[in-house]
Every structure is written in structure tokens, then in C-alpha cells.
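**Student:** This is a predicted model, with the sequence first.
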Amino acid sequence: MSEITDELLGDARERMAKSVEATMHEFGSVRTGRASPALLDRIVVDYYGAATPLNQLSTINVPEARMLTVQPYDQGSIRAIEKAIMESDVGLTPSNDGKIIRLTIPELNEERRRELVKVVRGIAEDGRVAIRNVRRDVMSDLKELKDGGDVGADDEHRAEIELQKLTDAEIAELESHLKAKEAEILEV
């Protein structure tokens, strides 16, 4: 294969790996039976009119296996943080003493576990779509190169086969992470 197609495939490999990594990070924000600061990664607080990630407004700690504490840097933001947590999809009820917000993580019931598995599958589907979008972009780049006469039809075909193998491998990796996360959620 030519240098140009190798470069395109290398770029595709990198972008697909980043999609898998981003999806895994999203998986981390879905709650299992254990406390983890990553649960609050997706929460955005309306802080004086600006949408600000919670982890930029506070310190998040795990004092016990089933509890998170959120300590705002600015005590005036405690109400806004509490409201953002209530409105989020994490399913936790905050209690605050004026200085710290405590989030007790309850045991997951069967129904909630099933809902969380659906959330995780949705996140995985977004990851698959991102990987396929990378493939589509690179396929169109390859077609442009062939049409422009920069690479021959054989090189283009070989690169498309490699790209498909790469896509299948990245989606398989994403699937294995999905299976592991589902098992973690369903584990009693």
C-alpha cells in the first residue's frame, strides 16, 4: 500500500481508539453498587449563568464504599450543585449540611440495574456510531484519492479491507468493555 493510505489508516486507528476511550470514560459515569467520583463526571451545574462541570466547582471524595461527598469551593454554589445532582440521571438524592453535600449510594434493585444496562448500551451505541463515522470519513478520503489519481484502485481496495478490519476490531473491543460493564452492573 502507498504511504498516503498508510497515513489515512494510522489516523483512523488513532481516532477509533479515542472513540473507544471516550466511551469507556462514559461507562465510568454510570453507577454500579460502589461509590466512584466518576459517577458525577457528566453533571453540569448552572453556576452564575455558565454551564460548569461539577468537578470544577468542588472536591469530590469517597469517604466510604457507599458514599460520595461533594465539597463546593464556593459555599454560595451549594444549592445550584444540589439542584444539578437532583436533575441528573445518576439517581442519587443529595443531603447537605450547608458545607458538604453527601450522596449515599443505595443498593441497586433489579429494575434499576436493568435501566442502567440500557443506559450503558446506549452509550456503547454512541461509541459504535463514532467508530463508523471515522470509517465513513476515511472511506470518502480514499475514494477522493483514487478519483484524483493519487492512488490506484488496488491500493484503495486493500486500504478499504484494512479499514474494515480495523473497524471490526475496535467495535469488538468496545463490545468486550460493554459486556464487562453490564456484568459489573448486574453483579449483586
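**Tutor:** Yep, it's here. Numbering: from 1, shown residues only.
**Student:** Tell me how the chain divides into domains.
**Tutor:** If you go by automatic domain parsing, the domain ranges for the chain are 3-28+109-186, 37-104.
**Student:** Let's test this: mean pLDDT of the longest helix seen in the chain, rounded?
**Tutor:** Under DSSP state H, the helix in the chain containing the largest number of residues is helix 110-147. In this model, helix 110-147 carries a mean pLDDT of 91.
**Student:** Check which residues of it are buried.
**Tutor:** Using 16 or more other C-beta atoms under 10 Å as the burial criterion, the residues of helix 110-147 that qualify are 113, 116-117, 119-120, 123-124, 127-128, 130-131, 134-135, 138-139, 141-142, 145-146. C-betas here are computed from N, CA, C, even on glycine.
**Student:** Okay, angle between the following helix or strand past it and helix 110-147 too, please.
**Tutor:** Tracing the chain C-terminally past helix 110-147 and defining elements by DSSP states H and E, one meets helix 153-186 next. With axes from the mean of the first three to the mean of the last three C-alpha atoms, to 10 degrees applied, the angle from helix 153-186 to helix 110-147 works out at 170 degrees.
**Student:** how about the spatially most central residue of the chain, secondary structure?
**Tutor:** What sits nearest the mean C-alpha location of the chain, by C-alpha atoms, centre = their mean, is residue 26, with 2.2 Å. For residue 26, the secondary-structure state derived from DSSP: H, G, I helix; E, B strand; the rest coil is helix.
**Student:** any idea how far residue 168 lies from residue 174?
**Tutor:** The spacing between residue 168 and residue 174, counted by C-beta to C-beta, to the nearest Å, is 11 Å.
**Student:** err, residue 136, not the other one
**Tutor:** Relative to residue 174, residue 136 is positioned 17 Å away (C-beta to C-beta).
**Student:** Kindly report the same for residue 162.
**Tutor:** The gap separating residue 162 from residue 174 is 19 Å, by C-beta to C-beta.
**Student:** How about residue 126?
**Tutor:** As judged by C-beta to C-beta, residue 126 and residue 174 stand 10 Å apart.
**Student:** Mind listing the shared neighbours of these two?
**Tutor:** Counting by C-beta atoms under 8 Å, 6 or more residues apart in numbering, the common neighbours of residue 126 and residue 174 are residue 23.
**Student:** Beta-bridge partners for residue 69, please?
**Tutor:** Under the criterion DSSP bridges, residue 69 forms beta bridges with residue 61, residue 102.
**Student:** okay, residue 162 and residue 174: which has more neighbours?
**Tutor:** A count of neighbours by other C-beta atoms under 10 Å puts residue 174 above the other of residue 162 and residue 174, at 23 against 17.
**Student:** Alright, I will stop here.
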